[in-house]
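Asker: structural data only, the sequence is not supplied:
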């Protein structure tokens with residue numbers, strides 16, 4: 001699994017002209033699921049999202065997690081995180097999981113984050129979405145459950 005985390009002041013996602021997910025003060029998560037990702041990959045990503053220390057403490061140091069600041073998450077499924085453009089000008093998405101494999105892991109990720117007591121809003125899997133955000137910092141972190149970066 002791959003994730004792009006962005007610390008945000010606010011973020012929202014719109015489908016067909018309607019806002020379907022909206023948060024204040026938290027993390028916008030773009031989640032890419034690869035073929036053959038497992039529950040182990042999911043657990044790694046959920047733990048990182050919930051506990052990564054990217055929020056400032058009273059001294060101005062990035063020392064607090066989402067849970068410590070009572071922050072929110074907007075999670076958007078994004079297969080393009082597995083786009084491979086090394087071989088030409090048109091990315092290949094062959095490594096991205098097919099919907100029948102990705103949807104259950106996407107839904108389980110949402111459930112696991114909610115089970116940690118975090119408010120979670122979502123996009124719509126497979127939909128054409130417009131995402132708006134105010135990146136705070138800016139702070140953007142890349143995560144990969146296989147630790148390739």
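Answerer: Received, thanks. Owing to the predicted nature of the structure, the values given are computational and were not obtained by experimental measurement.
Asker: tally of neighbours for residue 89?
Answerer: Residue 89 is flanked by 5 other residues according to other Cβ atoms under 10 Å. Where you see a C-beta, it was placed from the backbone N, CA and C, and this is true even at glycine.
Asker: hang on, it in a helix?
Answerer: No. According to DSSP: H, G, I helix; E, B strand; the rest coil, residue 89 belongs to no helix; its state is coil.
Asker: tell me the confidence at the residue lying closest to residue 126 once chain neighbours are set aside?
Answerer: Residue nearest to residue 126 in three dimensions, not counting chain neighbours: residue 99, with 6.3 Å by Cβ to Cβ, 6 or more residues apart in numbering. For residue 99, the model assigns a pLDDT of 97.
Asker: now do the phi/psi pair for residue 99.
Answerer: Main-chain dihedrals, residue 99, degrees, to the nearest 10: phi -50, psi -40.
Asker: kindly report the same for residue 2.
Answerer: phi -120, psi 150.
Asker: so residue 13 makes contact with residue 130?
Answerer: Yes. The pair residue 13 and residue 130 qualifies as a contact (Cβ atoms under 8 Å) at a distance of 7.1 Å.
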